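J.: Need the 3D shape of this:
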Amino acid sequence: MTRSRTGARRLLTALLLILVLLAAWQGPKLLALWRGWQAYVYAYPLVTAELTRSVQTAPGAWQLAKPKPGAGPINRLNHVRAFPDADFRDVVAPNADTLYTIAWLDLGAEPLVLHHPEMSGRYLLLELMDSWTNAFASPGTRQYGSAARDYAIVGPGWKGEVPSSMTRIDAPTRYVMLIGRTVTSGPQDYAAVHALQDQYSLRTLAGAEPPSVAPAADKVDTLTAVVRQVSMLDVASYYSLLARALVDNPPAAADAPAVALLDKLGIRAGQPFDPASLDADTREGLEAARRLAQAVFEQRSAGTQVDTAQGSLAQGAARVLNGLIDRSLNRHNGWLMPLGLGDYQTRYLQRAIVSLVGFGANRAIDAVYPVTPKDADGEFLDAGQRYRLRFAPGQLPPAGAFWSLTMYDEASFFVANEINRFALGDRDSLKRGKDGSLELVIQQQRPSEGIANWLPAPKSGRFKLMLRIYDPKAELLEGRWVPPAVQRLPQEP
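T.: Numbers count the residues shown, from 1 in each chain. Below is the predicted model:
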């Protein structure tokens with residue numbers, strides 16, 4: 001049995017035990033709850049992706065004086081021309097390393113050809129994510145070098161030939177999200193990146209502009225965050241959306257047991273889902289599982305634990321379950337370092353949680369994102385304290401391309417600060433110690449020794465830190481390098 005399966009079994013056993021002890025559910029009810037939990041977690045990424053696509057391609061998101069970053073018609077490249085600011089709330093955990101090029105592709109009719117020009121050594125990652133949030137391909141300079149290239153992206157079921165001059169990429173679902181990242185050293189570098197973005201293109205095999213159809217504007221909520229919209233779906237709406245999405249976005253072969261479970265619950269591709277047709281125990285189990293999953297996801301999103309002294313059963317179970325989830329992750333020195341992102345296979349719980357807190361995550365071979373909400377003593381990072389992150393000589397993040405450290409609030413958004421700095425990394429003018437070490441200072445107040453190595457913390461509340469390591473080297477992927485713990489410092493006099 002693999003380590004991931006062992007961890008999953010422990011989580012599930014613990015969950016069942018909690019529910020038996022606290023709720024005294026038995027027999028059919030417990031089985032219905034267990035099935036409902038599995039179904040909800042399995043479906044979450046596809047439901048989230050469907051709503052994300054609807055929101056980002058709706059006219060209400062891009063026909064504005066200030067369009068939402070990355071929003072635009074389907075089958076069109078939408079370039080983000082600057083880093084997000086502290087008011088940005090459309091996508092969790094934005095970065096201040098690259099300028100994005102976003103597109104939702106509809107491959108139902110024919111393949112689409114993605115082109116980039118000669119990159120002259122500049123890092124480019126063109127992540128292709130299917131509707132289950134798996135990063136099934138990541139063309140770009142890491143894999144193919146800097147030369148200009150055309151990629152023919154082919155949808156499922158298409159029969160035909162791709163010209164030999166193109167690199168063929170087969171997509172497992174009809175709808176695919178392109179998340180392009182072009183490295184940028186800051187505003188002074190924007191113009192050079194814009195010139196490259198303007199040369200990226202998306203065409204049919206015949207060289208024509210692909211068709212674009214936007215959803216009906218009056219049916220799409222472009223104001224409420226997608227994760228919030230998902231959390232507000234009742235059982236009937238949630239699984240009805242899933243049943244519709246399954247038609248164009250078929251499950252992987254390895255998902256056969258999950259599909260069989262959905263069938264037992266009356267959830268089938270292209271067929272209306274009617275909870276009223278189910279027995280009372282199953283209906284109750286699906287609803288209880290929805291509440292439990294949302295309690296888990298709420299806590300994962302906040303990076304905290306809910307006080308359950310007077311809380312609900314779902315909150316209490318979620319608290320224990322979240323603790324077990326943390327133990328099953330790759331944690332070192334307080335940092336969570338999951339190395340299986342973007343290629344989840346049957347790790348459905350991990351896939352669902354990443355859809356919640358880091359939608360569009362890369363595969364580890366392209367980038368690894370260690371994250372921590374805690375210091376070396378296991379205490380939550382707090383705006384009222386001072387911290388440092390010290391890399392010993394020769395122990396900087398092992399990046400083949402580049403690395404950065406980003407500051408986020410509890411909800412994984414940028415933090416407003418007086419110097420408008422959201423991240424520090426190897427493209428900044430950092431000051432090293434005489435021995436070659438590097439110490440980053442993390443605090444609210446401007447340091448007395450200067451701002452070169454200062455990453456500003458929020459004015460109040462808890463926060464979290466994320467390292468981004470692009471094109472990680474073998475020592476990271478093999479577990480021979482881990483980030484140092486975040487150390488709390490005494491207050492300045």
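J.: Figure out how far the stretch of helix or strand Gln294 belongs to is from the centre of its chain.
T.: Here Gln294, judged by DSSP states H and E, is contained in helix 280-302. Put simply, helix 280-302 sits 21 Å off its chain's centre (C-alpha atoms, centre = their mean, to the nearest Å).
J.: for it, what is the average pLDDT?
T.: In this model, helix 280-302 has a mean pLDDT of 84.
J.: following the lowest-mean-pLDDT helix or strand in the chain, which helix or strand shows up next?
T.: In the chain, no helix or strand scores lower on mean pLDDT, DSSP states H and E than helix 3-23, which sits at a mean of 49. Using DSSP H and E, the helix or strand that directly follows helix 3-23 along the chain is helix 27-57.
J.: Point out the other helices and strands that that following helix packs with.
T.: Packed against helix 27-57 by the contact rule (3 or more C-beta pairs under 8 Å, 6 or more residues apart in numbering; DSSP states H and E) you find helix 3-23, strand 98-106, strand 175-183, helix 226-232, helix 235-248, helix 256-264, helix 280-302, helix 348-357. Quick note: C-beta positions are derived from backbone N, CA and C, even for glycine.
J.: Now mean neighbour count and distance to Ser138 too, for those, in CSV please.
T.: Formatted as CSV, the helices and strands packed on helix 27-57 follow (neighbours: other C-beta atoms under 10 Å; distance: least, C-beta to C-beta, whole Å):
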stretch, mean neighbour count, distance to Ser138
helix 3-23, 15, 22
strand 98-106, 23, 13
strand 175-183, 24, 10
helix 226-232, 18, 23
helix 235-248, 19, 23
helix 256-264, 14, 25
helix 280-302, 20, 25
helix 348-357, 22, 16
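J.: quick one: Glu379 and Val486 touch, right?
T.: No - look at Glu379 against Val486 with C-beta atoms under 8 Å: they stay out of range, at 9.9 Å.
J.: And these two? Which one has more around it.
T.: Between Glu379 and Val486, counting by other C-beta atoms under 10 Å, Val486 is the more crowded of the two (23 against 14).
J.: ok, the closest residue to the more buried one other than its chain neighbours - contacts?
T.: Among residues not flanking Val486 along the chain, Asp375 sits closest, at 4.7 Å (C-beta to C-beta, 6 or more residues apart in numbering). Residues counted as contacts of Asp375 (C-beta atoms under 8 Å, 6 or more residues apart in numbering) are 334, 381, 385, 387, 485-488.
J.: can you check Leu455 too?
T.: 405, 407, 421, 423-424, 440-442, 465.
J.: let's see it at 6 Å
T.: 407, 424, 440, 442 (C-beta atoms under 6 Å, 6 or more residues apart in numbering).
J.: Which members of those residues occur in strands, if any?
T.: 407, 424, 440, 442 (DSSP state E).
J.: quick one: which of the residues you listed is most hemmed in?
T.: Ile442 (26 neighbours).
J.: Do you know the pLDDT at the closest residue to Tyr344 other than its chain neighbours?
T.: Of all residues not flanking Tyr344 in the chain, Arg351 sits nearest, at 3.9 Å (C-beta to C-beta, 6+ apart). Reported pLDDT at Arg351 in the predicted model: 91.
J.: Any figure for the gap between Arg351 and Ala361?
T.: Arg351 sits at a distance of 10 Å from Ala361 (criterion: C-beta to C-beta, to the nearest Å).
J.: intersection of neighbour lists for these two?
T.: What both Arg351 and Ala361 touch, as defined by C-beta under 6 Å, 6+ apart, is an empty set.
J.: Gly72: which of the ones in strands among the contacts of Leu455 is nearest?
T.: Met407 (28.9 Å; C-beta to C-beta).
J.: residue contacts, that closest one?
T.: 415, 455.
J.: and it, how far is that from Leu430?
T.: Met407 is 15 Å from Leu430, by C-beta to C-beta.
J.: And for Lys68?
T.: Lys68 is 33 Å from Leu430, by C-beta to C-beta.
J.: Please identify which of the two sits among more neighbours.
T.: Under the criterion of other C-beta under 10 Å, the comparison of Lys68 against Leu430 puts Lys68 first, with 22 against 14.
J.: Apart from its chain neighbours, what residue comes closest to that one?
T.: Going by C-beta to C-beta, 6+ apart, Lys68 has Ala61 as its nearest residue, at 4.6 Å.
J.: So that neighbour, which state does it fall into?
T.: Three-state assignment for Ala61 (DSSP: H, G, I helix; E, B strand; the rest coil): helix.
J.: ok so, going back, which elements pack onto the helix holding Gln294?
T.: helix 27-57, helix 235-248, helix 313-328, helix 348-357 (3 or more C-beta pairs under 6 Å, 6 or more residues apart in numbering; DSSP states H and E).
J.: can you rerun that using 8 Å?
T.: Using 3+ C-beta pairs under 8 Å, 6+ apart, helix 280-302 is in contact with helix 27-57, helix 226-232, helix 235-248, helix 313-328, helix 348-357.
J.: what pairs with Leu455 across the strands?
T.: Ile442 (DSSP bridges).
J.: residue ranges with poor pLDDT in the stretch 151-300 of the chain?
T.: Residues of the stretch 151-300 of the chain meeting the criterion pLDDT under 70: 214-218, 300.
J.: Could you measure from Trp37 over to Leu31?
T.: From Trp37 to Leu31 the distance is 11 Å (C-beta to C-beta).
J.: Show me which of these two is the more surrounded one.
T.: More neighbours surround Trp37 than the other of Trp37 and Leu31, with 25 against 15 (other C-beta under 10 Å).
J.: rewinding a little: mind putting the helices and strands packed on helix 27-57 into TSV with distance to Asp189?
T.: Below are the helices and strands packed on helix 27-57 laid out as TSV (distance: least, C-beta to C-beta, whole Å):
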stretch	distance to Asp189
helix 3-23	40
strand 98-106	9
strand 175-183	9
helix 226-232	30
helix 235-248	39
helix 256-264	45
helix 280-302	32
helix 348-357	29
